[in-house]
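Undergrad: Please work out how this folds:
(one chain, ligands or ions: 2)
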Amino acid sequence: MVLSKPGEPLELRDLPVPEPGPGQLRLRVRACAVCRTDLHVVDGDLQHPKLPLVVGHQIVGETDDGRRLGVPWLGWTDGTCRYCISGRENLCDRARFTGYDLDGGYAEYVVADERFCLQLPDGYGDLQVAPLLCAGLIGYRSLRLAGDAERLGLYGFGASAHIVAQVARHQGRRLFGFVRHGDEDARRFALELGCEWAGWSDERPPEELDAAIVFAPVGALVPAALAALAKGGTVVCAGIHMSDIPRFSYELLWEERAVRSVANLTRQDGAEFLELAPRVPIRTEIETFALEDANDALDRLRAGEIRGSAVLRL
Ligand SMILES: [Zn+2]
Ligand SMILES: [Zn+2]
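TA: Ligands and ions are numbered 1, 2, ... in the order given. Sure thing, here's the model as predicted:
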């Protein structure tokens with residue numbers, strides 16, 4: 001499925017089977033989970049994608065020699081910039097991202113740099129493991145950047161939050177879920193996943209929070225989350241794109257509250273998280289779509305109608 005022009009639907013096209021370059025593997029795609037970032041690329045919220053482009057960066061594939069590997073968002077780094085040499089390859093100046101700078105997984109085949117492919121835990125099906133590759137990974141990095149917060153708020157209960165909630169509960173944290181005003185299904189979902197309280201995103205929780213992770217791409221949630229924080233708390237913005245953050249009073253930030261974003265992932269995050277997943281154990285809730293129905297999957301995600309994660313099956 002090919003993106004020719006942002007703002008237009010993906011087109012079903014026959015492409016040549018890609019040939020791996022030096023250091024690359026060719027994988028037959030078995031599953032590719034749908035990420036909100038795909039939506040931002042398709043809708044044109046993110047500037048300068050490769051065009052035409054195959055989106056998708058939560059890829060479960062099989063190599064020509066029969067190994068099952070994951071291909072995540074971080075597709076290549078230079079290994080030499082000040083970020084790379086200080087253990088922050090997620091911030092590499094010249095990073096290339098799968099399904100953005102490089103063709104991704106909404107296709108039958110993909111090529112990927114072997115050094116950036118991830119080992120997948122046994123015991124997960126292809127469809128079930130796919131959402132761990134970004135929804136899970138970025139969620140995990142966000143959770144780490146939330147520090148040791150005991151009372152954790154999750155804003156937006158989509159693919160990422162449904163995985164992070166399980167990890168956070170496993171770590172013994174207390175969870176408070178925030179969903180779009182009036183979305184009863186999402187509120188129930190948050191409670192099922194271990195939130196002790198779930199309410200609307202403009203509500204105050206029954207207790208102050210030590211940290212909050214904002215998954216929904218809605219800037220207005222940042223001051224709302226700050227207002228719910230205890231002193232010294234952090235708001236972590238987990239998405240790659242967000243609508244403008246409305247101006248807010250310094251009082252909301254005062255007393256050592258902080259706002260920060262999370263960008264991309266390192267291979268170290270990938271290895272740690274995929275090793276942790278079966279020990280939690282994380283169970284992903286998925287809704288599957290055929291590859292040629294990728295536009296439907298994106299539409300449903302845009303409308304907030306996916307419970308858990310959408311996954312393309314091949
Ligand atoms: Zn670099
Ligand atoms: Zn993603």
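
Undergrad: residue boundaries of the helices in the stretch 101-250 of the chain?
TA: 126-129, 135-145, 159-170, 184-192, 221-227 (DSSP state H, counting those that start in this stretch).

Undergrad: can you redo those as CSV with mean pLDDT?
TA: Below are the helices of the stretch 101-250 of the chain laid out as CSV (pLDDT from 0 to 100):
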stretch, mean pLDDT
helix 126-129, 98
helix 135-145, 96
helix 159-170, 97
helix 184-192, 95
helix 221-227, 98
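
Undergrad: Reformat those into TSV and put distance to residue 268 next to each item.
TA: Every C-beta, even on glycine, is put in place using the N, C-alpha and C of the backbone. Converted to TSV, the helices of the stretch 101-250 of the chain look like this (distance: least, CB to CB, whole Å):
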stretch	distance to residue 268
helix 126-129	19
helix 135-145	10
helix 159-170	16
helix 184-192	30
helix 221-227	27
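
Undergrad: TSV please, covering those and showing distance to residue 201 and mean neighbour count.
TA: Formatted as TSV, these follow (distance: least, CB to CB, whole Å; neighbours: other CB atoms under 10 Å):
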stretch	distance to residue 201	mean neighbour count
helix 126-129	28	22
helix 135-145	17	25
helix 159-170	12	25
helix 184-192	10	17
helix 221-227	6	22
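
Undergrad: just for the stretch 101-250 of the chain, where's the confidence low?
TA: Low-confidence segments of the stretch 101-250 of the chain, defined by pLDDT under 70, are absent.

Undergrad: Residue of it closest to ligand 1, please.
TA: residue 116 (12.6 Å; CB to the ion).

Undergrad: Count the residues that sit near that residue.
TA: 23 (other CB atoms under 10 Å).

Undergrad: quick one: contacts for it?
TA: 71, 72, 74, 75, 76, 77, 267 (CB atoms under 8 Å, 6 or more residues apart in numbering).

Undergrad: Most neighbours among the residues you listed, which one?
TA: Counting by other CB under 10 Å, top hit in those: residue 71 with 29 neighbours.

Undergrad: my read: that residue touches residue 57, true?
TA: Yes - the pair residue 71 and residue 57 qualifies as a contact (CB atoms under 8 Å) at a distance of 7.1 Å.

Undergrad: Pull up the overlap in contacts between those two.
TA: 98, 104, 105, 133.

Undergrad: Can you pull the phi and psi angles for the residue nearest to residue 244 when sequence neighbours are not counted?
TA: Nearest residue to residue 244, sequence neighbours excluded (CB to CB, 6 or more residues apart in numbering): residue 219, at 4.9 Å. When quoted as degrees, to the nearest 10, the phi and psi of residue 219 stand at phi -60, psi -30.

Undergrad: these two touch, right, residue 219 and residue 247?
TA: No - using CB under 8 Å, residue 219 is not in contact with residue 247, being 10.5 Å away.

Undergrad: So for the two, which sits in the more crowded spot?
TA: Counted by other CB under 10 Å, residue 219 and residue 247 do not tie: residue 219 has more neighbours, with 15 against 6.

Undergrad: Up against ligand 2, what does the stretch 51-200 of the chain have?
TA: For the stretch 51-200 of the chain, the residues in contact with ligand 2 (CB under 5 Å from the ion) are residue 134.

Undergrad: Strands of the stretch 51-200 of the chain, start to end?
TA: Ranges of strands within the stretch 51-200 of the chain are 59-63, 68-71, 74-76, 96-97, 109-113, 118-119, 151-155, 174-179, 197-200, based on DSSP state E, counting those that start in this stretch.

Undergrad: Let me see the mean pLDDT of the fourth one.
TA: So the one you mean is strand 96-97. In this model, strand 96-97 has a mean pLDDT of 98.

Undergrad: which residues in the stretch 201-314 of the chain form strands?
TA: So, for the stretch 201-314 of the chain - with DSSP E, counting those that start in this stretch - the strands run 209-214, 229-237, 258-261, 286-290, 309-313.

Undergrad: what's the second one packed up against?
TA: Helices and strands in packing contact with strand 229-237 are listed as helix 135-145, strand 209-214, helix 221-227, strand 258-261; criterion 3 or more CB pairs under 8 Å, 6 or more residues apart in numbering; DSSP states H and E.

Undergrad: Other residues contacting the third one?
TA: Yep, that's helix 221-227 we're talking about. Looking at what lies outside helix 221-227 - CB under 8 Å, 6+ apart - the contacts are 153, 155-156, 178, 201-202, 204, 209, 212, 214, 235, 237, 242, 245-246, 248, 252-253, 257, 259.
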